[in-house]
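A.B. asks: Quick one, what's the 3D model for this:
(one chain, ligands or ions: 1)
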Amino acid sequence: MPYLLVAGRWKILQKTSKQKGKIAVIIFSAISQDKRRIVMKRTSIKIATIFFVSFFCCSWGFLVHRTINQLAIYQLPKSMRSFFYEYKDSIARNAPRPDQRRNTDPTEATKHFIDIEAYGDSAEWRMPMNWNEAAGKYGKDSLLKYGYLPYQVIVIKNKLTDAFRSGNRDSIIFYATDLGHYIGDAHVPLHTALNYDGQLTNQRGIHDLWETSVPEAVLDQYNLHSRHEAEYLSSPEEAIWQTIRESHALLNEMFATEREVSKDFTDSTKYFTEFRWGKDRRFYTAAFAKAYNIKLGKNINEQLLRSANQIADFWYTAWVDAGKPDLTALLPKTFDKTFRKALKKECKAYRKNELIEKKLLIAKQVTQN
Ligand SMILES: [Zn+2]
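C.D. replies: As a prediction, this is how the structure comes out:
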C-alpha cells in the first residue's frame, strides 16, 4: 500500500457532506508502534467535477466489510470454495474499494444507498425492481440523487455472472469483491433513510456509531459463524429488495435505543470531540457505544451475519447462472494439498467461531485502512 511507512502506518481519510461535497480534506495520521501521533498535514482540495462522500455516511466500517466478504467464503459449496479461498486475501482486503472509488469517480456515491422515503410512502414495497421501470416512474435524476443501491447490486451480480462465464479470473475476483461491498451496504439501515446520520432527529453521528464504533469495540464478542449455506436465488432482485425492507424496518429501534441509552449519559460522557477531516467533530464515546450495543442486543451482529449469508447466495447464484464453470481450472498450480489442509482447518475454526482467536480473520490482520 502506498501509505505504509517504515515507522508506522498512514491512512487517508476523506470526509464531506453526503450529496453536495466538493471539498475533500485529507488527513495523514501517523501511528507508531506503541503510540499514536496524529496530525500531520491537511489539504483542502476543491474539485468541482469530483464529488466526495463521507465514509461514515455510506458504509459499514472497513473492519466489517472485510469480515463479511471473508465469512461468505466458508458458506460456498466445495466446487467454489477452493477458488475463493485461494483469493481470500484480495476478496477481503479490497472489500472497502467501492468506498475508496468515490474519491475519483463522481458517479460512485449514489450506488451505496437508497433514501427510500424520497420515493414516496412505503416505497420499499412499491418501487419497480427493474432499473428502466424505476427510471420511467421517478426519473433518472431522482434515482441518481436519492440513491439506487438495490439496482447497483443487480448490475454487479450480472457482471460477476459474465465474469464466471468468460472464465476471467481477475474479473471474478473483482466483481465478487465489489458485490460483497454493495450487499453489505444494503444491510446497514441508515443506508436506506433520508435521516442517514440522525441529522433530522438531533442524533448526528449515529451512522458512525452503529456501523463502525460499535463493531470495532465489540467484534471480538460477536458470533462470526452462521449455519447458512449458499442458496440459489430464483429472484436476486426480490432478495435484495427484501434486504432493503428489513434494513429500513430496523431504523425506529435504532433511533429509539439511542434516545433510551442517552438517558444514562450526559453530554460530556456521551460525546467526545476530535479534530478529524479538517475540523473539530463530535463522536459518541466508547462507553456510549458499548452501552448502546448492550441495549440493541444482537441487532448489529445479526445484520453482519445476514450480510455474509447474502453475499454467499449472490456469488453462488452468479456461478450457477453462468453454467457452473469449473473453477479449479483457474487455480494456480500452487493450490495443493497444503492449501486444502489449511482450508479445512480454517473452515473448522469458522464453524467453532474461532477465527479471531486463531488469528485467521483477515480484517484484524490488516494494519492500514
Ligand atoms: Zn459503501
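A.B. asks: quick one: the longest helix seen in the chain near the ion?
C.D. replies: Counting residues, the longest helix in the chain under DSSP state H turns out to be helix 299-321. No: judged by CB under 5 Å from the ion, helix 299-321 and the ion are separated, with a smallest distance of 11.8 Å. All C-beta spots, glycine's among them, are computed from the backbone N, C-alpha and C.
A.B. asks: by contact count, what packs against that helix?
C.D. replies: The helices and strands touching helix 299-321, judged by 3 or more CB pairs under 8 Å, 6 or more residues apart in numbering; DSSP states H and E, are helix 62-73, helix 78-86, helix 149-166, helix 169-186, helix 214-218, helix 236-249.
A.B. asks: swap the cut-off to 6 Å and go again
C.D. replies: helix 62-73, helix 149-166, helix 169-186 (3 or more CB pairs under 6 Å, 6 or more residues apart in numbering; DSSP states H and E).
A.B. asks: Output it as PDB, nothing but the C-alphas.
C.D. replies: In PDB, the C-alpha atoms belonging to helix 299-321 read as follows (Å, rounded to 0.1, in the frame of the first residue of the first chain):
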ATOM      1  CA  ASN A 299     -29.100  -6.500  16.300                       C
ATOM      2  CA  ILE A 300     -25.800  -5.400  14.700                       C
ATOM      3  CA  ASN A 301     -24.200  -8.900  14.900                       C
ATOM      4  CA  GLU A 302     -27.200 -10.300  13.100                       C
ATOM      5  CA  GLN A 303     -27.000  -7.800  10.300                       C
ATOM      6  CA  LEU A 304     -23.400  -8.600   9.900                       C
ATOM      7  CA  LEU A 305     -24.100 -12.300   9.600                       C
ATOM      8  CA  ARG A 306     -27.100 -11.700   7.200                       C
ATOM      9  CA  SER A 307     -24.700  -9.600   5.000                       C
ATOM     10  CA  ALA A 308     -22.300 -12.600   4.800                       C
ATOM     11  CA  ASN A 309     -25.100 -15.000   4.100                       C
ATOM     12  CA  GLN A 310     -26.500 -13.000   1.300                       C
ATOM     13  CA  ILE A 311     -23.100 -12.400  -0.300                       C
ATOM     14  CA  ALA A 312     -22.600 -16.100  -0.400                       C
ATOM     15  CA  ASP A 313     -26.000 -16.500  -2.000                       C
ATOM     16  CA  PHE A 314     -25.300 -13.900  -4.700                       C
ATOM     17  CA  TRP A 315     -21.900 -15.400  -5.500                       C
ATOM     18  CA  TYR A 316     -23.400 -18.800  -5.800                       C
ATOM     19  CA  THR A 317     -26.300 -17.600  -7.900                       C
ATOM     20  CA  ALA A 318     -24.000 -15.800 -10.300                       C
ATOM     21  CA  TRP A 319     -21.900 -19.000 -10.700                       C
ATOM     22  CA  VAL A 320     -25.000 -21.200 -11.300                       C
ATOM     23  CA  ASP A 321     -26.400 -18.700 -13.800                       C
END
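A.B. asks: thinking again about what came up before, out of the helices and strands packed on helix 299-321, the one nearest the ion is which?
C.D. replies: With CB to the ion, the closest approach to the ion among these belongs to helix 169-186: 4.3 Å.
A.B. asks: And the closest residue to residue 270 other than its chain neighbours, which helix or strand is it part of?
C.D. replies: For residue 270, ignoring the flanking residues on the chain, the nearest one in space by CB to CB, 6 or more residues apart in numbering is residue 288 at 5.1 Å. Remark: residue 288 resides in helix 286-296, with elements defined by DSSP states H and E.
A.B. asks: Just name the most buried of the helices and strands packed on helix 299-321.
C.D. replies: Most buried of these, by mean neighbour count (mean count of other CB atoms under 10 Å): helix 62-73, with a mean of 27.
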